[in-house]
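Q: Okay, structure incoming, though there's no sequence with it:
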């Protein structure tokens, strides 16, 4: 998978789950209370990209045939958003629902806002384009003193806290330079310190608060390994999370497990000898843990993850080699921010590692896409200024580097400035 496709795949929309709370409209209709929340944001992003592509799966942006720089006016890590939710109590049960609609401002060149028409990435914007709409949230809740059940499509558990506490969430982070055929959003620190949590169909249960601690466990619609024939229809995914809050201290840990099945036609270990429909299987598992501490405007945050058969950047992206063997991966994001009145400044540094196999080195190195990525890392510097209660000015600088198994390196950097309006 080349840099551009990986970047477009991972482009995210997280919207108001992590934006500062500022509910604009509450409407009471009979026994129901309806709420409307959202944001609109836009950034000018300039990227200076590497002039060669040696790293398959690298996230440092790579120039096209005409220029090693790119300019865009686009969303950052978040798209625009409009969420509609409702709540009521019936027979002692607290009921709720949420619909989350996420339009981008970049022209959508085809299909999913995050999986663009890769064949047309060099065409750029043309007349008569239109933005795309991403529907990421459709779920219900039912709760009481016994806890809460959530059923529908919502953010995952594994990796969620890392991205929700990333300072570049309201900015851009890794701009990636891939806006010639735009996804709605940038990378932030996705694949550069954590794996994208994603939005997943699920049913989960969260315990009531237990002296600051909550536990969530859920069953998930299975995800197949990207780029391979889907055969996993019978083994669901499982995720769990423990979170603890005590004043300015927040800690959490999450886990993921899913059985993967890869058709023999996709791997060389059994493609020739096995009967049609045969598959290779392995268990994908991962955990993350971390926390943050805020005192006097100074906040220190860090999260670490480790997995087998989960890949890098997105869930089950580059998860196994050509023989069907699961790859190991790990990474971390460290961050320090300081807020003085209406101004916050911060720095974060993230690393995502993917452990290639002997098969990877023998089959990919020297090929047209270069050797498989071994490490993606970045550093971001950010300034976040509250112009008003609802309007935020954002300015960032980010340097991104990708290294492969042969120690070849791609490097890029980007700057951005923009406005984020929450309501």
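A: Looks like it arrived, so ask away. Values in this document were obtained by computation on a predicted structure and should not be read as measured data. Numbers count the residues shown, from 1 in each chain.
Q: For this structure, name the helix or strand with the lowest mean pLDDT.
A: Least confident helix or strand of the chain, by mean pLDDT, DSSP states H and E, is helix 3-10 with a mean of 35.
Q: Check the secondary structure at the most centrally placed residue in the chain for me.
A: The chain has residue 196 as the residue nearest its centroid, 3.1 Å off, counting by C-alpha atoms, centre = their mean. Of the three states, residue 196 takes coil under DSSP: H, G, I helix; E, B strand; the rest coil.
Q: That one and residue 156, how far apart?
A: Per C-beta to C-beta, to the nearest Å, residue 196 is found 9 Å from residue 156. Bear in mind the C-beta positions are built from the backbone N, C-alpha and C, glycine included.
Q: Give me the common contacts of these two.
A: Jointly contacting residue 196 and residue 156 under the rule C-beta atoms under 8 Å, 6 or more residues apart in numbering are residue 315.
Q: Do you know the pLDDT at residue 372?
A: Residue 372 is assigned a pLDDT of 88 by the prediction.
Q: bridging residues for it?
A: For residue 372, the beta-bridge partners are residue 56 (DSSP bridges).
Q: these two touch, right, it and residue 405?
A: Yes: in this structure, residue 372 is within contact of residue 405 by C-beta atoms under 8 Å, at 5.8 Å.
Q: higher neighbour count, the two?
A: Using other C-beta atoms under 10 Å as the criterion, residue 372 and residue 405 rank with residue 372 on top: 28 against 21.
Q: the strands in the stretch 251-400 of the chain, which residues?
A: With strands called from DSSP state E, counting those that start in this stretch, the stretch 251-400 of the chain shows them at 279-295, 298-308, 328-340, 343-355, 371-386, 391-404.
Q: In CSV: those, plus distance to residue 246.
A: Listed next are the strands of the stretch 251-400 of the chain as CSV, based on distance: least, C-beta to C-beta, whole Å:
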stretch, distance to residue 246
strand 279-295, 10
strand 298-308, 15
strand 328-340, 20
strand 343-355, 23
strand 371-386, 26
strand 391-404, 28
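Q: Looking at the ones you listed, which is nearest to residue 29?
A: Checking these against residue 29 by C-beta to C-beta gives strand 391-404 as the closest, at 29.8 Å.
Q: same question for that closest one, mean pLDDT?
A: pLDDT averaged over strand 391-404 gives 96.
Q: What of stretch 411-423?
A: Per-region confidence: stretch 411-423 scores 95 on mean pLDDT.
Q: C-terminal to the least confident helix or strand of the chain, what's the next element?
A: In the C-terminal direction, the helix or strand that comes right after helix 3-10 (DSSP states H and E) is strand 25-29.
Q: Note down every partner strand of that next one and its orientation.
A: Partners of strand 25-29 in the sheet, by DSSP bridges, are strand 32-48 (antiparallel).
Q: Run the chain-centre distance for the strand it pairs with.
A: Centre-to-centre, strand 32-48 and its host chain are 16 Å apart (C-alpha atoms, centre = their mean, to the nearest Å).
Q: now stretch 283-291
A: Counting by C-alpha atoms, centre = their mean, stretch 283-291 is centred 15 Å from the centre of its parent chain.
Q: Show me the contact partners of it.
A: For stretch 283-291, contacts defined as C-beta under 8 Å, 6+ apart pick out 158-159, 161-162, 194-195, 249-260, 301-310, 316, 319, 326, 333.
Q: which regions of the stretch 201-350 of the chain sit below the pLDDT cut-off?
A: When residues are selected by pLDDT under 70, those of the stretch 201-350 of the chain lie in 228-233, 265-277.
Q: Grab the nearest non-local neighbour of residue 379.
A: Excluding the flanking residues, the one nearest residue 379 by C-beta to C-beta, 6 or more residues apart in numbering is residue 349, at 4.8 Å.
Q: where's that neighbour relative to residue 301, distance?
A: Counting by C-beta to C-beta, the separation of residue 349 from residue 301 is 11 Å.
Q: The two - which one has more neighbours?
A: A count of neighbours by other C-beta under 10 Å puts residue 301 above the other of residue 349 and residue 301, at 22 against 18.
Q: so what's that one up against?
A: If you count contacts by C-beta under 8 Å, 6+ apart, then residue 301 has 165, 290-293, 333-337, 348 around it.
Q: Then residue 130?
A: By C-beta under 8 Å, 6+ apart, the neighbours of residue 130 are 107-108.
Q: Next, it: phi, psi?
A: With angles defined as degrees, to the nearest 10, residue 130 sits at phi -150, psi 160.
Q: Same question for residue 327.
A: On the backbone of residue 327 - angles per degrees, to the nearest 10 - the values are phi -90, psi 150.
Q: Kindly tell me how buried it is, as a neighbour count.
A: Residue 327: 20 surrounding residues under other C-beta under 10 Å.
Q: Please list all residues in contact with the nearest residue to residue 318 once chain neighbours are set aside.
A: Nearest residue to residue 318, sequence neighbours excluded (C-beta to C-beta, 6+ apart): residue 311, at 4.4 Å. If you count contacts by C-beta under 8 Å, 6+ apart, residue 311 has them with 195, 225-226, 317-319, 327, 329, 354.
Q: and which of the contacts of residue 301 is nearest to residue 376?
A: The nearest member of those to residue 376, counting by C-beta to C-beta, is residue 333 at 11.9 Å.
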